[in-house]
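Engineer: the following comprises the amino acid sequence and a computationally predicted model.
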Amino acid sequence: MSTEYAIVGGGVVGLSLAWGLLKRGCRVLVLDGGDGGLRASRGNFGLVWVQGKGLDQPAYARWSQRSAKAWGDFAAELGEATGTDLCLHQQGGYDFHFSEETLEARVAQYRALRPHLAQYPFEVLGPNALKAEEPHIGPGVAGAILHHQDGHVNPLRLLQALAADVRRLGGKVLTGKHVSDIAPGDGFTLTCADGTVFRAAKVVLAAGLGARDLGPKLGFVAPVRPQRGQVLVTEKLPRLLNRPSGIIRQVNEGGIQIGDSKEEVGLDDSVTLKGIAAIAVRAVRVCPALARAQIVRSWGALRILTPDGLPIYQQSPQAHGAFLVTCHSGITLAAAHARFLPDWLEGADIPNLETFSEKRFSISRD
Amino acid sequence: MGDVDFLIIGAGPAGMAAAAQAARLGMSTAILDEQPAPGGQIYRGVEVAGPVRGRILGKDFLNGVQLAQGVRHAGIRYIPGATVWKAEAGGSVAYSVEGAARTIRGRRLLLATGALERPVPLPGWTLPGVMTVGAAQILLKQSGVVPRRAVIAGSGPLLYLVAAQMVRAGRPPLALVETPERRDLLRALRHLGGALRGWRYMAKGVGWFAELARAGVPRYRSATELRIEGTDKAEALSFVAGGRNRCIACETVLLHEGVVPNTQASRAMNLPHHWDAGQRCFVPDHDVWGQTAEPRVYVAGDGAGIGGAQAAEQAGCLAALHAAAALGHIGNDERDRRGARHLRRLAREMAARPFLEAAYPPGMQTRAPADDTIVCRCEEVTAGDIRRHAALGCRGPNQAKAFGRAGMGPCQGRYCGLTVTGLLAAQTGQTPAETGYYRIRPPLKPITVAELAALEPDPGENT
Amino acid sequence: MKKDFPFQEIDPDGPRVAVRFDGAVYDLPEGANLAAALLVAGVRAFRATPISGAPRAPFCMMGACYDCLVRIDGVVRQACMTRVQAGMEIERAPAREVPHG
């Protein structure tokens, strides 16, 4: 079996790329893993987020802004094609602070970044202004930064809509395929754990943490590591929050989603008592009305982090036609991955994309 | 707070017998149970209900009186009204009593979490007025409450027992609508040898049938196309039997398709489970003592595979013996000597199971529900939704859960999990074992944010 | 008390206490299982689902199905896992407005 592109990984990143390539008329095969795999696409927080991104690297802030801006059209097109409301809302989002010191420090960082960008529309809300916007926010919150380019989406509907539309557009998606080997040579030969073999002219590694094993076979360093986040979800509630924040948001079905921890614990995606209790404490501080809400679910999921937290977009220096795409913001960047990044895969230039080359790590390490 | 040698979750027959055995062997023992009184579901409220409703509920029910008394023992810390919402392989357990969360640790942990009734996804099964046969029996045991105009439908010995109890309570069911086909019984006959070893069960069955016949309760066999009629409440059960469409007006429809292990806690610990083809359900892997893949964790009773109350007692004792030996309270010789007796009884109790499993399988209609039938009651996901998810590449229930929210509600998949596994397996051609089951996470039962927040440890305290 | 409700107690006896369910006062057996007591008192729908608004009532009676959820003194609880106490304020969970479109 031979195809033009084989994409390893059928999460949001892989499917976004597949969707974009199919729209450009390419033939695409997506090889996706099993039901029990570590899947950031099922465990993420659902933010389409700009603020705080790229504080030390304006190119990343710009890339996030560009994706956030493209999200509206992307969601509309994908939603219409699949009959899915992705519940995208981009009316701004908050960064809550429990002390004025941390708030001011953050604002200083945003001010330093702003001159490097065309725009960076944020405002600082003190307790009273915040109360007017969000009546249920508690007195423990000293203030918030409201950034108008932020928003959120239903990430599971995004995943499902991509899975449906990639197939509708003629993409071949095979699940239960754990790719165990990729060998370059007149294109690429991909071998799966179940013994099946596929051939492709080009290969895109969008396998999340799986890139650690597969990347070196194609000449990539793929310096990604897992970082656990734990999340709680309450019973479905009437509207309590108007806008999302990095640690709490009300999802379209009504549940309040609360997170998210940042833990360096390897491949352990379990939920710990200590972890969720700490999240619960913070939730009540932010929104005291949540104290009596029932927690219905919790989960742990693993972020895919690079050493500097930025994405890696890298063409293999050794195997022509092999690409590595990995990031920890697959939802925010889904629009960019669907709309813009396929141009790069097809050989076009994207300004400043070399910022996200993995060469940046080998240089600093050497 | 505090450690005990032997911590038991569940005060049904397995948990009660295990607690009594453990205490006799000198282990400090604690038993956490959700109900206000010991008994589990089979002996629900037995201390109170036994004396006043013993005639209706029958002699087997009264077996529970002594077991319950065994829990009221000085060496046993019995903690009623305790909802366990997190259990860890290391023996730590978090639970809540009256809205206050606590933790406790057992050096050995026994999951005696019993059974759940198998999901019964039929058209209309979410309507008010539809409940499980087990629910009706619980109403009778704990509360002395009976439905006035009820139809009983489905498969399994519990149908006949509860029907007989309703007859004795003066409110016989309007009808028994039975889904097993004649060929199920024929298939079951090859297990008759085992059934005769468990002849007591057979004798009981004969007695129930006689009671129902005397009371004139009509029985419809090989029923298909069951449907609960009504828009905002159950008004009738319609079905096809004997080649005719039938419709029985009623207020209450009681459904039952057998029982399956409640594996929420063992799943949440990521213990390995296997598919039991005879019982058509997942069972946590364990040895004859009930020891699981985590050496400190045991399973016993119906939660370790359906065997009924008598088998559960024996399994509970075996787990307690093994744990006592592991902690040095008795030697392995004594463990094996005492254990042999329980193993013999257990084997006798299990002898009738293959016959019962073959004679009373869950009906085809609930194993392969029609597209428009709701399978996930909490999130109102239909069988057709699950089949569509399979067509989008979902090979297992976790991706299907992400795609359509099945299993995300407060019941955490208890009443849709096996159905979703079955539907996906049928669509993908995989076995149920390959298809797998939901990844269960804490809280096993919902708790409030404040309850959880109150556990935020002071620096340096517990897990 | 009306006698034609779907469920009946075999032996009604023992002290009763007043609780309020959706504004109406019910005399229920003190300490009884709340779900059982409400069924006997003629309550048919305990809640409406937050998704389609469909009515639901006790299904499993053993704390597993969550279809008997009611709001008691402001907290959502399972009626089948709750004992009747004097003065309980019980509501059907309010029909939920969808937070976001």
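Structural biologist: Sure thing, it's come through.
Engineer: just the strands from chain C, written as ranges.
Structural biologist: Secondary structure of chain C (DSSP state E): strands located at C:7-9, C:16-21, C:24-29, C:47-48, C:55-56, C:69-72, C:75-78, C:89-91.
Engineer: got the contact list for the second one?
Structural biologist: With contacts defined as Cβ atoms under 8 Å, 6 or more residues apart in numbering or on different chains, strand C:16-21 is touched by C:25-30, C:38, C:43, C:70, C:84-91. Backbone N, C-alpha and C define where each C-beta goes, glycine included.
Engineer: how about a cut-off of 6 Å?
Structural biologist: Here strand C:16-21 makes contact (Cβ atoms under 6 Å, 6 or more residues apart in numbering or on different chains) with C:Val25, C:Tyr26, C:Asp27, C:Leu28, C:Pro29, C:Glu30, C:Ala86, C:Met88, C:Glu89, C:Ile90.
Engineer: which of the residues you listed lies closest to chain A?
Structural biologist: Of all the contacts of strand C:16-21, the one sitting nearest chain A is C:Glu89; the distance, using Cβ to the nearest Cβ, is 13.7 Å.
Engineer: partner residues bridging that closest one?
Structural biologist: C:Glu89 has these beta-bridge partners by DSSP bridges: C:Arg20.
Engineer: so what pLDDT did it get?
Structural biologist: Here, the pLDDT recorded for C:Glu89 equals 96.
Engineer: that one: neighbouring residues, count only.
Structural biologist: Under the neighbour criterion other Cβ atoms under 10 Å in any protein chain shown, C:Glu89 is assigned a count of 13.
Engineer: how about a markdown table for the strands of chain C, with distance to B:Gly404 added?
Structural biologist: Rendered in a markdown table, the data for those read as follows (distance: least, Cβ to Cβ, whole Å):
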| stretch | distance to B:Gly404 |
| --- | --- |
| strand C:7-9 | 35 |
| strand C:16-21 | 34 |
| strand C:24-29 | 38 |
| strand C:47-48 | 21 |
| strand C:55-56 | 20 |
| strand C:69-72 | 22 |
| strand C:75-78 | 24 |
| strand C:89-91 | 30 |
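Engineer: show me how the record splits the chain into domains.
Structural biologist: Going with chain A. Here the domain assignment for chain A is A:2-52+A:156-223+A:308-365, A:93-148, A:225-305, based on automatic domain parsing.
Engineer: think we crossed wires, I meant chain B
Structural biologist: Per automatic domain parsing, the domain ranges recorded for chain B read B:3-116+B:260-330, B:119-257, B:368-430.
Engineer: just give the number of residues close to A:Val50.
Structural biologist: Applying other Cβ under 10 Å, we find 28 residues neighbouring A:Val50.
Engineer: that one: what's its closest spatial neighbour, skipping adjacent residues?
Structural biologist: For A:Val50, ignoring the flanking residues on the chain, the nearest one in space by Cβ to Cβ, 6 or more residues apart in numbering or on different chains is A:Gln149 at 4.1 Å.
Engineer: three-state assignment of that neighbour?
Structural biologist: Assigned by DSSP: H, G, I helix; E, B strand; the rest coil, the conformation of A:Gln149 is coil.
Engineer: separation between it and chain B?
Structural biologist: Between A:Gln149 and chain B the computed distance is 27 Å (Cβ to the nearest Cβ, to the nearest Å).
Engineer: again with A:Leu214
Structural biologist: Here A:Leu214 is placed at a distance of 20 Å from chain B (Cβ to the nearest Cβ).
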